[in-house]
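J.: A structural model of the following input is requested.
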Amino acid sequence: MFRRLRYSQLSAFCANYATKVEIDANIRDGFESKQYKPRNHPGRTKVKVATIPPVIQKAIKIVLDDNGSKMYLEESEKLANYLNSRHLPPEDGEIQVKTAKIYNSVSENYYSKLNQDNQELTEDEKYKHDKHIQSKVFNILKKNVYSWGNISYDKPTCLQYLLARAAPEYAVLLRVLDEIKRKLPDYKPRSFFDFGSGVGTGTWAVNTVWPGDIFEYFTVDTSIHMNDLARLLLCHGKDNVEMPYKAYFQRQFLPASSDIKYNIVLSAFSFFELPSMKSRLETIQKLWNKTEDFLILIEQGTNAGFRVINEAREFVLSITDEQNKGHVFAPCPNDQICPRFLEQKTPCNFLMKYESLGYPTKVELFGELFSYVILRKGERPANDPQWPRIVRAPLVRSGHTICRLCTKEGELKEIIFSKSKFDQTTYRCARSSNWGDELPVK
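T.: The predicted structure follows:
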């Protein structure tokens with residue numbers, strides 16, 4: 001039998017014997033009394049496919065029609081592709097190191113050719129040759145160093161963003177916010193702060209998850225056109241309609257004071273607009289200072305997006321001030337160094353399905369990859385079960401299911417759940433779980 005298994009399968013096969021895995025004893029009675037069913041166990045994500053609320057869809061259609069937005073369709077696709085392929089701005093130190101390496105390589109090759117003639121160069125000739133080398137180094141740098149720039153969101157670009165990003169961003173936000181709702185069903189936030197609020201997807205999502213519970217909204221976006229568009233969409237796409245939320249405030253910049261705190265602070269798909277790591281960490285500190293309960297950070301599920309999320313995660317977890325300490329609420333079941341980041345092979349990301357706007361054609365089903373972290377103020381509760389998180393799509397086979405898990409010990413494990421080696425409840429829970437779910441096992 002062992003000869004038929006690949007090395008990775010053999011490692012996982014052996015891991016089953018090294019790691020005892022069974023349903024969490026605290027909820028086993030729930031399965032036995034039929035309170036829980038394996039296909040709907042308490043670690044499963046409830047949001048499978050997201051659709052923008054009908055009232056917002058109607059407002060979007062009114063705004064797009066009023067602005068002749070069909071002509072922006074091609075540009076909106078280009079904008080979406082650009083946003084999904086963005087890299088972080090290079091740091092000054094990185095550019096200097098790269099420049100030095102290129103300069104040394106170019107000058108060595110250049111002067112080695114000149115020295116073949118064994119001619120002594122004059123000072124003028126050295127100066128001339130050095131200028132030529134510098135020009136060559138500059139041209140190589142232009143091709144090899146990422147040219148970062150923040151996006152200027154004028155009115156046409158905002159409409160393109162609405163077309164391209166409203167549906168996937170709302171879907172991801174709904175999925176992430178539902179993580180809090182699922183694990184803390186009695187939690188009711190009263191205030192909401194959205195940094196980089198864009199077209200208002202954060203407001204739509206919190207009102208879907210906690211309808212009627214939020215009393216104060218504070219949104220920040222540097223683009224006045226984005227703020228106008230977000231407000232218009234909340235007013236059903238019409239200028240003469242009154243804002244449905246009384247305590248709804250918009251600003252272009254972060255407030256200097258941290259006296260006022262908010263139950264939920266969100267930054268979704270916004271940190272790529274900041275020019276350096278220093279500015280990102282300063283912003284994270286300000287957002288954490290304004291957090292009463294939860295700080296939620298979301299980016300694209302690319303290597304660069306994951307890097308931003310992990311950077312923020314490590315920064316907040318490094319805070320030692322007792323009043324500002326926090327822990328990871330989701331997706332990580334631990335506060336250790338991210339094993340996926342240490343592995344340096346693939347990003348820690350998840351997939352959310354969503355229905356497109358259907359503008360101007362029919363509605364279609366798509367998937368959005370995203371990376372995220374939910375940070376909670378205070379120490380991790382003693383009763384936190386810290387169930388392992390499924391960090392890749394399970395491989396469902398005949399008689400067994402392979403799950404890749406991130407555990408509370410900060411390790412990545414691959415477990416083969418088979419009928420013969422596991423009890424029926426544990427096996428069926430693993431077989432019913434999806435990428436992004438928690439598995440209620442110990």
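J.: What are the buried residues along the top helix by length along the chain?
T.: Longest helix in the chain by number of residues (criterion: DSSP state H): helix 155-183. Residues of helix 155-183 classed as buried: 157-183 (neighbour count, 16 or more other Cβ atoms under 10 Å). Backbone N, C-alpha and C define where each C-beta goes, glycine included.
J.: Can you give me the end-to-end span of stretch 80-93?
T.: Start-to-end span of stretch 80-93 (Cα to Cα, to the nearest Å) is 30 Å.
J.: same thing with stretch 284-304?
T.: 17 Å.
J.: Likewise for stretch 251-268?
T.: 16 Å.
J.: Buried residues in that stretch, which are they?
T.: Applying 16+ other Cβ under 10 Å to stretch 251-268 flags 254, 262, 263, 264, 265, 266, 267, 268 as buried.
J.: Out of those residues, which two sit at the greatest distance?
T.: Taking every pair in the buried residues of stretch 251-268 and measuring Cβ to Cβ, the maximum separation is 17.7 Å, between 254 and 263.
J.: Find the residue ranges of the stretch 101-250 of the chain scoring beneath the pLDDT cut-off.
T.: Where the stretch 101-250 of the chain drops to pLDDT under 70, the residues are 106, 110-111, 113-121, 125-126, 129, 137-138, 140-147.
J.: Now do the strands in it.
T.: 191-195, 216-220, 248-251 (DSSP state E, counting those that start in this stretch).
J.: Compute the inter-axis angle for the second one and strand 191-195.
T.: Relative orientation of strand 216-220 and strand 191-195, computed by axes from the mean of the first three to the mean of the last three Cα atoms, to 10 degrees: 10 degrees.
J.: what does the domain assignment say about the protein?
T.: 2-43+387-432, 49-88+156-377, 92-115+122-144 (automatic domain parsing).
J.: most packed of these?
T.: Highest mean neighbour count of the domains of the chain: domain 49-88+156-377, a mean of 18 (counted as mean count of other Cβ atoms under 10 Å).
J.: Stretch 86-98: end-to-end distance?
T.: Counting by Cα to Cα, you get 20 Å between the two ends of stretch 86-98.
J.: Nearest to residue 198 among the buried residues of stretch 251-268?
T.: When the buried residues of stretch 251-268 are ranked by distance to residue 198 (Cβ to Cβ), residue 268 comes first, at 7.9 Å.
J.: in its sheet, what does the one helix or strand residue 414 maps to sit against?
T.: Secondary structure assignment for residue 414, by DSSP states H and E: strand 412-418. Strand pairing for strand 412-418, using DSSP bridges, gives strand 400-406 (antiparallel).
J.: quick one: contacts of the strand it pairs with?
T.: By Cβ atoms under 8 Å, 6 or more residues apart in numbering, the residues outside strand 400-406 that reach it are 12, 331-334, 339-340, 348, 388-392, 394-395, 412-419, 427, 430-431, 433, 439.
J.: separation between residue 151 and residue 269?
T.: Remark: distance between residue 151 and residue 269 (Cβ to Cβ, to the nearest Å) = 11 Å.
J.: Please apply the same query to residue 150.
T.: Counting by Cβ to Cβ - residue 150 and residue 269 are separated by 13 Å.
J.: average model confidence for the strand holding residue 414?
T.: For strand 412-418, mean pLDDT rounds to 95.
J.: Pull the distance from that strand to the chain's centre.
T.: 25 Å (Cα atoms, centre = their mean, to the nearest Å).
J.: show me where the stretch 201-350 of the chain has helices.
T.: Secondary structure of the stretch 201-350 of the chain (DSSP state H, counting those that start in this stretch): helices at 201-209, 224-234, 277-289, 303-317, 339-343.
J.: again but with the stretch 1-150 of the chain, I slipped
T.: Under DSSP H, counting those that start in this stretch, the stretch 1-150 of the chain gives helices at 7-18, 25-32, 54-66, 73-84, 92-114, 123-144.
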